[in-house]
Structures are given as structure tokens and as C-alpha cells.
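*Asks:* one predicted model, sequence on top.
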Amino acid sequence: MPPANIAPRIPVEERLFSLVLALLATDAGLTKNEILSTVQGYRQKFAHSGDNANLERQFERDKDDIRELGVPLETIESPGQSGNNQNLRYRIPRGAYELPSDIVFSPEETTLLNLAAMVWREGSLSGESRRAILKLRSLGVTTTEPVLGYAPRVRVRDAGFEPLSTALEKHVIVTFAYLKPGERESRLREVAPLALIQHQGRWHLYASEQETGTTKTFLLRRIVSQVTLTTTSFPPPSSDQGATALAELDAVWNSHTALVEVVPGSDAATRLEKRRGTVTAGSGALELHYSDINIFADELASYGPEALVVSPPQLRSAVRDRLLKTAADHG
Amino acid sequence: MAERAQPRHAQDKLAFLLALVPYLMDHDRVSVDDAAAHFGVPAEQIREAVRLIGVSGIPGETAMYQHGDLFDIAWDDFEDNDQIVLTNLVAIDDSPRFSAREAAALIAGLQYLSALPENADRAAIASLSSKLSRGASAEPSQVAVEARESDATLALIRDSVERGVQIEFDYRNSAGVGDLRRVDPLRVESVDADWYLRGWCHLREAVRTFRLDRISHPTITTERITHGATDVTLPDSLFEGSADDLIVTIDVASAAAPLLADYIPDGVSSLEVDGRTRTTVRVSHYHGLKRLIASMPGVATVVAPPEARAVVADWASAGAARYSEQ
């Protein structure tokens, strides 16, 4: 049933859907004028002789929304017309839009991917993971029921995560105030974000600092201002930044060891023994790894008298100072 | 950005349409109910989408959306029998690629799940991740989550569920009290680096949540389970409050307040003064509280009741005193 030309109220999704269809169907691309005057949802509002500024702005927003879904909406210049904005042509190349036909997922893989999406059900990646699952379902594969039910969850509580992940995707420089432990004042940092990594339950930003030209790892919870995206972009880095950053954090983790005495049978003994990489030393004390002395001191302080740091001295005094502070605050 | 009035809604509906069309193309005939079940959405959402698809298309040669330029469906079958049959196709041939962020979310999710026994095959995970990368319309953003080694306790839990038998283990709760527990495992949950088993506890005769890192010496018994995952409705939140819970008033640096979110009951009003928030938290006993507060030195302080302050002070003092021993 063809749409009646008299219906002026076209729902937004119909306009977006019609735009995607029109741009998929064209090889040569369509000019903005062609789109606005012929595509469902625009054509009803198009003024053949007059100002279409509102409609053009709507088209700009629609393009952004469509691209956000991962649809490769391309802009190409008309032959011999370079530099002329009115003659830019738009299209969605089929090959870049469609999932390659050799990419198929087995029911077991689909089940795993469903779980992987569930990990993000809270917070800023929840929309992305929901849409990813939609696309998986589009392939028609059914899932297998796992033997044991899982409800995995990664939380993103740091306010900086959302703007940083946008900056990662757009490859733009960001600025934020960062408070280094032990320093009284935060300092403004200007960095090119390379990866966001969760290590030991905490989110880190791996980034290249503009001022020094070196890569650094920042803890998101120590970012004390809003993260601001600049308009300066940088060339996309190689695709192994996440792996590199994780390896660096692991190296730091491995290089820091502490010797901690725990009361046998206590909560400290049970849980610290199960920490990754823990070794029981000859004395019965635990040899533990950590990445950040301040964070680890917080963790150890929670065990009160159940854990006693033997070494290193800095960690020893950090834990003692924390316990004294807590005791004083509650005295 | 008030101008960006376009509801997110519409974007989601578009994503749904682009996913539904290839699915319908692959099924010569499918009922609305089957499609709804497959996508996990209400039947009416499928009908609404199909109605729109049925009248959509491309401007075509004439730029007039002629009949052949539109999708078409067997309308009678749809209206009378709730069956979907596409009779004319336009523009779309296949499912869309993942966006860079969608692929990144799934890849990082897979990394995070590496502790699951189902994920023991690392080569399979690597190949799955590379498929996701290739199936994305742009290089997946770099979001990575530390992988955990496969967890032996998780593997045992899974094994016990497969056999339908109870699992037994030593469990020391945050009060420092240890018990031998027999549990019918219901579900494994996690929050970031912390993993939990939820199950029917035969000792307490109730659903309980156990931290995996507090479980020692797990073994599989030969005793049949009495409560299966389908028999028990688990509440959404990991820790349910009980009528016996203690209410404690806390002052916390506002920036750190989210760390206490799990303990703050719904509907509690918090008061913020000078970057510090005064709020109330709910705890089952002070043993958990003293550990929580001691892990936030200078950041969180118990204000009331006095017994709670005393428990925290004693805990921290006892800890500090150990550093004066020789």
C-alpha cells in the first residue's frame, strides 16, 4: 500500500528508515537537494522555491543518528565539482554496511555474545550492547541455554567514562583535571585517549600526554573535573592499545609485592589468599601483588587487625596512617 | 543541546527495523509471535514495525515511491493470521555490521567473562573477537577488561548444577564466623572484579548470596538439590535488606558517595554540604560496616549511632595497635 501523499506527519523512524533505504539503493549517491525533495519524511516538508534551512538541519542530525548506529553513511564529491558543498553526494556503500557473509555465529557463540552484552546492562555501554544483540538476532541464530545461569555485570560509575569513550571513537584530544595521590592540587592534563581499561575492578585511561609526548595511565576515579573534548583530532592509533595498556598494568602489578601477615582463618586470610598471584611465603605471611600503593592501602586497612603489613615500609606506614585516621575520626 | 530533540527512541526503532528486515527475508513465513520471541520484544512491537516496513521503500526512478519501489507484505495473511510474508524486497540484502562501540562492548564483555568455565577455550574466544572486529563498520574502540583465569570454584558450581546435586563449602561471612554450607546453586552473578554465588542455603533454609572469594574447600556432594533455578525467583538486587537491618548515618565525600550506593536504601534523601554528603546506609551487622568504613579513611565517617562509631573505632585502633607491637 503506497503511502498517501496527503499524510504530512511522518514518524521520525520512518524518515530515518527511508533515508537509509534511499542511500543504500544508490551507487552514485544523492545530493542533499535530491534527498530533501524526494525522500519520505523530508519531501513532505520540502519547499521547492524557498528556504529549507530547518530541513537541512534536520538532515544533519539524522545523519549523525544514523552514523551512531554504525551505518557507514559516506559523503563523496561530485566529479569535477570539488569544493562545492551543494554538490556533495551521500550514499551508504553496501559492502561497508552489510555484515560480510563469511561472518557467522554458532548457537554457542551467540549464547556467549549474549552474556558478553549482559555485562554492560548498566551504564554508558548498555545502549550499544543492546543494539549489538539486536544485530545478532537479525542473523536468526538461536541460542543454547547455559547450564548455569549467569548475571555478569561491569559497572561504569566514573563520570569520565562516557565522554572519554566518545573521544576514543572520534580520536580527539581531551582535557581534565587530575589529582595525583599525595599531591594537594589537581593539575590540568591534555591527552590523546588511546584505550579505556578495567584492571582489578577499576577503570583506567591509557593516553598519550600532549605536553610530554609520553603514554600514561590515569585512574578514572582521580579525574576531578569534567572531561572536555577539544576539536583537535589525532591520527587513529594502532588497534592494540587496549592490549598494550593491560600488559603495562600487569607489569606494574607484578613488579609491586608486599609481605602481609594475616590472622589464620580470618576474612583477610580467606580473601587475600585468593587474590591473583598470591604466594604463601615460608613464614606463613602472604606475598601479594598490587598496582597502586594508595588503593592497596585502603583495601588492607579494611581488614583492621586481621592483616599486618611487614613490607614494604611505605605500604606499612600508609596502612597504619589510615587506621589511625579512621580511629581518630570515630573517637 | 535543546535542539537535539530527536528522541533516542526513534534511533532505537530504526536499529530494530534494520535488524528485523533481514530476519524476515531469511524466513519465508514467520508468525508474529515467533518473531517476537526471537527478538525478545512484545508482539505489538513486531506488528508496528512490519506495518511500517510494508509501506516503506525508495523514491525510485520516478521519485514517486511507485509500488515496485516499496517493500510489500502479504497483507491479508498479516492482518488475518498474524503471519509475516515479505512479497517484495528493496535496498536491504543483509544484516548490518556492528558499530565500532558495539563491537568494542562485546569484545570487552568476552574478555571479562574469561573466568567462566564455558570460556576455557581461549582460541575460540580469540576467533570470536576477531570475527566481531571484522564485522564492525569501523575499528572497534579500544575498551579492554582484565581477563581472569578460569575459576576452579565456578567450574565446580557448574558441574554440580549439571549433575543436579548440592555443593558444599566452608563459608566465612564478614562477621568472621565460619560455617559448613550446603547449597543448591541458582545463579552466578558478578559486579566488576567481585563474583557471587546465589543459591538456596540448606543451613539457613533461605536464598543466600556468597562471595566466591569467601568460599573455601568446595566439594560436590551426592545429595540431590531441592531448589532449582526455575523454582526460585531471585530478587534483582544482590543484597536484600531485612527488617533486622541496622540503619547508620554516614558522612561521605560527595565524590565517593557512589561507592556506597549499594548500601543506601531506596528513597533515602541525602543532604550535601561543602562537598560532603550525609546519608543513611543499611547494614545487616556492624562487621561489614567496620570493614567498609575502614577502607575509606578520611572519606567516610560514621555519624550515628554511637555503637556503630565505637565498633569502627575499635576495629581501626586494634589494627593500628598491631603496628606498635614489636
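*Replies:* Here it is on my side, so go on.
*Asks:* list the neighbouring strands of the longest strand anywhere in chain A plus their orientation.
*Replies:* As assigned by DSSP state E, the longest strand anywhere in chain A is strand A:187-199. Counting by DSSP bridges, the strands paired with strand A:187-199 are strand A:172-178 (antiparallel), strand A:202-209 (antiparallel), strand B:143-145 (parallel).
*Asks:* export those strands to a markdown table and tack on distance to residue A:166 and mean neighbour count?
*Replies:* For the C-beta atoms, the positions are set from N, CA and C on the backbone; glycine is no exception. Shown next, in a markdown table, are the strands paired with strand A:187-199 (distance: least, Cβ to Cβ, whole Å; neighbours: other Cβ atoms under 10 Å in any protein chain shown):
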| stretch | distance to residue A:166 | mean neighbour count |
| --- | --- | --- |
| strand A:172-178 | 8 | 19 |
| strand A:202-209 | 13 | 23 |
| strand B:143-145 | 12 | 26 |
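*Asks:* indicate which one of these is closest to residue B:284.
*Replies:* Nearest to residue B:284 among the strands paired with strand A:187-199 is strand A:202-209; the distance by Cβ to Cβ comes to 26.3 Å.
*Asks:* chain center to the closest one: distance?
*Replies:* 12 Å (Cα atoms, centre = their mean, to the nearest Å).
*Asks:* quick check: mean pLDDT across it?
*Replies:* Rounded to a whole number, the mean pLDDT of strand A:202-209 is 94.
*Asks:* and for stretch A:142-154?
*Replies:* For stretch A:142-154, the per-residue pLDDT averages 83.
*Asks:* in that stretch, what's buried?
*Replies:* A:143, A:146, A:148-154 (16 or more other Cβ atoms under 10 Å in any protein chain shown).
*Asks:* also stretch B:141-161?
*Replies:* Using 16+ other Cβ under 10 Å as the test for burial, stretch B:141-161 gives B:141-148, B:151, B:153-161.
*Asks:* ok, back up a step: export the strands paired with strand A:187-199 to TSV and tack on distance to residue B:232?
*Replies:* Shown next, in TSV, are those (distance: least, Cβ to Cβ, whole Å):
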stretch	distance to residue B:232
strand A:172-178	45
strand A:202-209	33
strand B:143-145	30
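*Asks:* of these, which is nearest residue A:57?
*Replies:* Nearest of the strands paired with strand A:187-199 (Cβ to Cβ): strand A:172-178, 22.7 Å.
*Asks:* can I get the closest one as PDB, trimmed to CA atoms?
*Replies:* Output of strand A:172-178 as PDB, limited to C-alpha atoms (Å, rounded to 0.1, in the frame of the first residue of the first chain):
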ATOM      1  CA  VAL A 172      40.000  13.900  19.700                       C
ATOM      2  CA  ILE A 173      42.200  15.400  22.400                       C
ATOM      3  CA  VAL A 174      40.600  15.800  25.800                       C
ATOM      4  CA  THR A 175      41.400  17.800  28.900                       C
ATOM      5  CA  PHE A 176      40.700  17.100  32.500                       C
ATOM      6  CA  ALA A 177      41.900  17.900  36.000                       C
ATOM      7  CA  TYR A 178      43.800  15.000  37.600                       C
END
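*Asks:* just the element for the nearest residue to residue B:171 once chain neighbours are set aside, please.
*Replies:* Once flanking residues are discounted, residue B:171 sits nearest to residue B:181: 4.8 Å by Cβ to Cβ, 6 or more residues apart in numbering or on different chains. Here residue B:181 sits within strand B:178-191, counting by DSSP states H and E.
*Asks:* now do the same contact list for residue B:226.
*Replies:* Counting by Cβ atoms under 8 Å, 6 or more residues apart in numbering or on different chains, residue B:226 touches B:184, B:200, B:202.
*Asks:* just checking, what packs against the strand or helix carrying residue B:125?
*Replies:* Per DSSP H and E: residue B:125 is located in helix B:122-134. Helix B:122-134 makes packing contacts with helix A:107-118, helix B:100-112 when contacts are defined by 3 or more Cβ pairs under 8 Å, 6 or more residues apart in numbering or on different chains; DSSP states H and E.
*Asks:* what's the angle from that helix to helix B:100-112?
*Replies:* Computed with axes from the mean of the first three to the mean of the last three Cα atoms, to 10 degrees, the direction of helix B:122-134 lies at 170 degrees from that of helix B:100-112.
*Asks:* now the angle between helix A:107-118 and helix B:122-134, please.
*Replies:* 70 degrees.
*Asks:* show me where pLDDT drops low in chain A?
*Replies:* Residues of chain A that meet the criterion pLDDT under 70 lie in A:1-8, A:78-86, A:182.
*Asks:* taking it, what residue is nearest to chain B?
*Replies:* residue A:70 (2.5 Å; Cβ to the nearest Cβ).
*Asks:* nearest residue to that residue in space, please, no chain neighbours.
*Replies:* Among residues not flanking residue A:70 along the chain, residue B:99 sits closest, at 2.5 Å (Cβ to Cβ, 6+ apart).
*Asks:* now for that neighbour: which residues touch it?
*Replies:* Contact analysis of residue B:99 by Cβ under 8 Å, 6+ apart lists A:68-70, A:128, A:131, B:136-138.
*Asks:* check contacts around the closest residue to residue B:116 other than its chain neighbours.
*Replies:* Distances taken as Cβ to Cβ, 6+ apart place residue B:154 nearest to residue B:116, at 6.4 Å, with adjacent residues excluded. By Cβ under 8 Å, 6+ apart, the contact set of residue B:154 is B:115-117, B:188, B:195, B:212.
*Asks:* emit the PyMOL select command for whichever of these are buried.
*Replies:* Buried subset of those, written as a PyMOL selection, criterion 16+ other Cβ under 10 Å:
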select buried, chain B and resi 115+116+117+188+195+212
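*Asks:* right, and out of the contacts of residue B:154, which lies closest to residue A:110?
*Replies:* Among the contacts of residue B:154, residue B:116 lies closest to residue A:110 (Cβ to Cβ), at 15.3 Å.
*Asks:* now the end-to-end length of stretch A:108-128.
*Replies:* Distance across stretch A:108-128, first residue to last, is 21 Å (Cα to Cα, to the nearest Å).
*Asks:* of all the strands paired with strand A:187-199, which lies closest to residue A:301?
*Replies:* Nearest of those to residue A:301, taken as Cβ to Cβ: strand A:202-209 at 16.9 Å.
*Asks:* need the contact partners of that closest one.
*Replies:* With Cβ under 8 Å, 6+ apart, strand A:202-209 has contacts from A:156, A:158, A:160-161, A:164, A:174, A:189-198, A:214-221, A:223, A:234, A:237, A:241-242, A:244-245, A:248-249, A:295, B:142.
*Asks:* toward the C-terminus, what is the element adjacent to that strand?
*Replies:* Using DSSP H and E, the helix or strand that follows strand A:202-209 towards the C-terminus is strand A:215-219.
*Asks:* does the residue nearest to residue B:171 have beta-bridge partners, and which?
*Replies:* As for beta bridges, residue B:181 partners with residue B:169 under DSSP bridges.
*Asks:* my guess is it contacts residue B:173, does it?
*Replies:* No - contact status for residue B:181 versus residue B:173: not in contact, 10.0 Å apart, counting by Cβ atoms under 8 Å.
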